[in-house]
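1. prediction below, plus the sequence it came from.
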Amino acid sequence: MANEVCFKNLHLDKPWTLETYQSTGGYEVWKKILKEKKPADEIINELKASGLRGRGGAGFPTGLKWSFMPRNAPGDKYIVCNSDEGEPGTFKDRDILRYNPHALIEGMMIAGYTIGAKAGFNYIRGEFWEPYERFEAAIHEARAAGLLGDNILGSGVSFDLHTHLGGGAYICGEETALLESIEGKKGQPRFKPPFPASYGLFGKPTTINNTETLASIPLILQNGGKWFLEIGIPNNGGAKLFSVSGHVNKPGNYEIPMGTPFAELLEMAGGMRNGNKLKAVIPGGSSTPMLPGDVMMDVNMDYDSIAKAGSMLGAGSVIVMDETTCIVKALARISYFYYEESCGQCTPCREGTGWLSRVVNRIENGQGRPEDIDLLLNVSKKIEGRTICGLGDAAAMPVSGAIKHFRDEFQYHVDHKKCMVSAAQS
Amino acid sequence: MSQSGLSTKTKSSKSKLHLLAEEVRAEIDQELTKYPNGWSISACMPALRIVQDANGGSLTTELMDAVAEYLGVPEISVYEVATFYSMYELKPVGRHKICVCTNISCMLCGSDGIVEHLKSKLGIGFGETTDDGKFTLKEVECLGACGGAPMFQVGRDYHENLTPEKIDKILDQLD
């Protein structure tokens, strides 16, 4: 089965409208929660039972995250949605915002109710103008229908929701950088602890969840945690959106059960372009280590299976590379990205991403030195675990991953001052 | 409004508020309602976007100063934001800003050829503007539309699955 959760209404006419959303039971969960004054613990327990884990890449259990909030403490609290989708290869949240914005709004309101927040912000990357307008229109519809705002449906519960547009910075996808950005500052990650659940947006307790995570919640509560869990497999509950790009015939988003074999996903995506041979796959976005094609063909699309194969599910961003791909060139582009996007706060990342980018680039350009491959591994190791946020690791992992599986290609570039792939083709 | 703990003194005594048109101020005011009291600095990003759009796509120091003055925050806070985020332009740009993604998925799907076509068609390189002030070409990082690679953004609009022919059609339609 495909398209059971966030993409449930995708086949309907104008799925982004309130009318369409409500025609398939949208906002019924929200109304029920308000009417029954559902205890927050019940909601959290249902989420825990569902096995839902953060869809932004880290995979942290959502129910557990919500339970950290001091929901009965006095003062303001916030729910923040991370729609700053920017990891290369990831394009799922854009489609949720465009095609199912009401599920996200309902999910954010339920989250707010559960953690004791009366206000929420959706941080949408600045380039996403069309999704932003869709989301704003949906907020307007929900407000006009009395589903959002003051004293919702006479329940005494109030919730307000705003959008904050980004300005073009990958780092703002890191949750504390995102909070800094809403506060009108440079997006530089905060040191943790304190964690956002105690000191978050505007210094108040805050929960930050990914777009897909929040948009999944209404249906989980409507059908029950067990329903969601059983779509997937134990410890890897539910369905997940996979963004497939690269050398396939039908790139796009596919919402499929967790645990689906990669081979099946590849088939859904139309198989390999031009009938070429599969060479390598980046399974979870550019920061996750690439895996050789034959390894991937035995992997299932879930957290545990991909971890066992030596990489990560991440945000479910599957970048497919065929036999014509030069791995060194691919890595050079990825390394440049992290160099470009490092916020510059921590020395190992600020300097190290530059080293990685320059050294991979010189290998790619036929100027590699014999010691360069080991130098790359050495620099990667010196970045990993030594920075405030995960960007340093994100820059280091693809380097060590590519060299682990395709060292011969790097070696060939260094030895022959040219590309092994184009040499074989000519 | 001013953010607690921050000085609101501006370096220049001469007000630059006249640089912000009434419509611009109204839009900024709308943004200010989103944030709690004392957090006018939160409206810095939207304010810069609004001001930039009203100024033909780029910012000047005077405009940043006017934003600082309007929000009651130090000028340096506004400069920090304007220089950190890639969507703020600190030099004049053409009427149409073309942002081409060259990141991994677009690269795998032929963005090198797209860039080559754009450069030769427009006669400019990255970061440059055509002599007639019509186009600025900019290389950008992943825009989150990898399923439609190769892609670019012109103004606010995304264009996906680009080919040289499609690019010609898109650009030839613009004034």
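-> Ah, there it is.
2. pLDDT value on the residue in chain B that chain A sits nearest to, please?
-> In chain B, no residue comes nearer to chain A than B:Tyr85, which is 3.0 Å away by Cβ to the nearest Cβ. Yep, even glycine has a C-beta here, placed from its N, CA and C like the rest. Note on B:Tyr85: pLDDT of 98.
3. swap in the one 10 residues further on?
-> The confidence metric pLDDT takes the value 97 at B:Arg95.
4. which ones are touching the closest residue to it other than its chain neighbours?
-> Closest residue in space to B:Arg95, ignoring its immediate chain neighbours: B:Lys134 at 5.5 Å, by Cβ to Cβ, 6 or more residues apart in numbering or on different chains. By Cβ atoms under 8 Å, 6 or more residues apart in numbering or on different chains, the contact set of B:Lys134 is B:Gly94, B:Arg95, B:His96, B:Leu174.
5. tell me which of the residues you listed fall in helices.
-> If you go by DSSP state H, the contacts of B:Lys134 have nothing in helices.
6. which of these has the largest number of neighbours?
-> B:Gly94 (21 neighbours; other Cβ atoms under 10 Å in any protein chain shown).
7. might you report the residue contacts of it?
-> B:Gly57, B:Thr129, B:Thr130, B:Gly133, B:Lys134, B:Phe135, B:Thr136 are the contacts of B:Gly94 under Cβ under 8 Å, 6+ apart.
8. change it to 7 Å
-> B:Thr129, B:Thr130, B:Gly133, B:Lys134, B:Phe135, B:Thr136 (Cβ atoms under 7 Å, 6 or more residues apart in numbering or on different chains).
9. check contacts around residue 34.
-> With no chain named, the answer covers chain A. Here A:Leu34 is in contact with A:Ile152, A:Leu153, A:Ser155, A:Val157 (Cβ under 7 Å, 6+ apart).
10. that's the other chain; I wanted chain B
-> Neighbour list for B:Lys34: A:His162 [criterion: Cβ under 7 Å, 6+ apart].
11. that one: what secondary structure?
-> coil (DSSP: H, G, I helix; E, B strand; the rest coil).
12. coming back round to it: count of residues packed around the residue of chain B closest to chain A?
-> 20.
13. report the buried members of the contacts of B:Gly94.
-> B:Thr129, B:Thr130, B:Phe135, B:Thr136 (16 or more other Cβ atoms under 10 Å in any protein chain shown).
14. and stretch A:246-264, end to end?
-> Terminal residues of stretch A:246-264 lie 16 Å apart, using Cα to Cα, to the nearest Å.
15. domain ranges for chain B?
-> B:17-84, B:96-172 (automatic domain parsing).
16. could I get these as a markdown table with distance to A:Gly285?
-> Formatted as a markdown table, the domains of chain B follow (distance: least, Cβ to Cβ, whole Å):
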| stretch | distance to A:Gly285 |
| --- | --- |
| domain B:17-84 | 23 |
| domain B:96-172 | 10 |
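17. secondary structure element for A:Ala307?
-> Using DSSP states H and E, A:Ala307 maps to helix A:303-308.
18. contacts for that helix next, please.
-> Under the contact criterion Cβ under 7 Å, 6+ apart, helix A:303-308 has outside partners A:Arg53, A:Gly59, A:Asn235, A:Asn236, A:Pro283, A:Gly284, A:Val299, A:Met312, A:Leu313.
19. in PyMOL, select just the buried ones from these.
-> Remark: buried members of the contacts of helix A:303-308, expressed as a PyMOL selection using 16+ other Cβ under 10 Å:
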select buried, chain A and resi 53+59+236+283+284+299+312+313
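20. make CSV from the contacts of helix A:303-308 and add distance to A:Gly401 and secondary structure to it.
-> Below are the contacts of helix A:303-308 laid out as CSV (distance: Cβ to Cβ, whole Å; DSSP: H, G, I helix; E, B strand; the rest coil):
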residue, distance to A:Gly401, secondary structure
A:Arg53, 22, strand
A:Gly59, 18, coil
A:Asn235, 23, coil
A:Asn236, 22, strand
A:Pro283, 10, coil
A:Gly284, 11, coil
A:Val299, 14, coil
A:Met312, 10, coil
A:Leu313, 14, coil
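21. what's the lowest-pLDDT member of the contacts of helix A:303-308?
-> On pLDDT alone, A:Asn235 ranks lowest of the contacts of helix A:303-308, at 87.
22. apart from its neighbours in sequence, what residue is nearest that one?
-> A:Asp304 (6.1 Å).
23. distance of the one you found from A:Leu147?
-> With distances taken as Cβ to Cβ, to the nearest Å, A:Asp304 is found 38 Å from A:Leu147.
24. quick check: the farthest pair among the buried ones among the contacts of B:Gly94?
-> B:Thr130 and B:Thr136 (7.8 Å; Cβ to Cβ).
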